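>>> how would this look folded up:
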Amino acid sequence: MDKKKQNELAILEETLQRARSNGGEARRNADKLAGEIRLFERPDFVISPKTDKVIGIEHFRVDHFVRQDKNAQSAAAAFANSCEDKRRQMLSNGAPAHFTNDMFGQIGEIISQQIHLSNNASIDDIRRSLEARLFGTTGHIPKIGPYRANLQSFCSARVLEMGFLIEIHSDLRSLFLNDE
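Have a look, this model is predicted:
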């Protein structure tokens, strides 16, 4: 299992665990998803509850800071990937306990970019990201037909249901006044 799939599975399992611990309606909804979870592709997961149905779950992420393109791609995710690449490069260029002036400069640049991302986070970007990821040209709502077809080929004799696990990345602290 690749790292992306491991991460997606961990998010699903944590979400279900938290919903169950919250009780009430959240617990009842999580209990509807009790069963064997299998990694799948298009949708990301297949859950086989102890009933005659199969549930497909497609996971995606929406962000508080997105590029201004038509797909509203996550600038925050691109930044995180860039940081990881720089970290790996720094570790491969020297001993972990030894920092060069160039490394300090790169770390300063990363901190500066993070401050920029945090200061530019907005509720409107979350809305645009969600809208693009759900209804856009590469969104998930137009793909429900193919998702259902994949599930049907996996288990033709069962009732099929589809759902979304939407991972919301938001850091909107700068939008609120906190007076303790």
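>>> which positions within stretch 128-135 qualify as buried?
For stretch 128-135, the neighbour count (16 or more other CB atoms under 10 Å) marks 128, 129, 130, 132, 133 as buried. Placement of C-beta: from N, CA and C, glycine included.
>>> what separation is there between the second one and residue 20?
In other words, residue 129. 28 Å (CB to CB, to the nearest Å).
>>> looking at the buried residues of stretch 128-135, which is nearest residue 100?
Using CB to CB, residue 129 is the member of those that lies nearest residue 100, at 37.2 Å.
>>> surely that closest one touches residue 121?
No. Residue 129 lies out of contact with residue 121 (CB atoms under 8 Å); the separation is 11.3 Å.
>>> in what helix or strand does the nearest residue to residue 130 once chain neighbours are set aside lie?
Computed as CB to CB, 6 or more residues apart in numbering, the closest residue to residue 130 that is not its neighbour in sequence is residue 62, at 4.6 Å. Assigned by DSSP states H and E, residue 62 falls within strand 53-63.
>>> kindly report the same for residue 161.
According to DSSP H and E, residue 161 maps onto strand 159-169.
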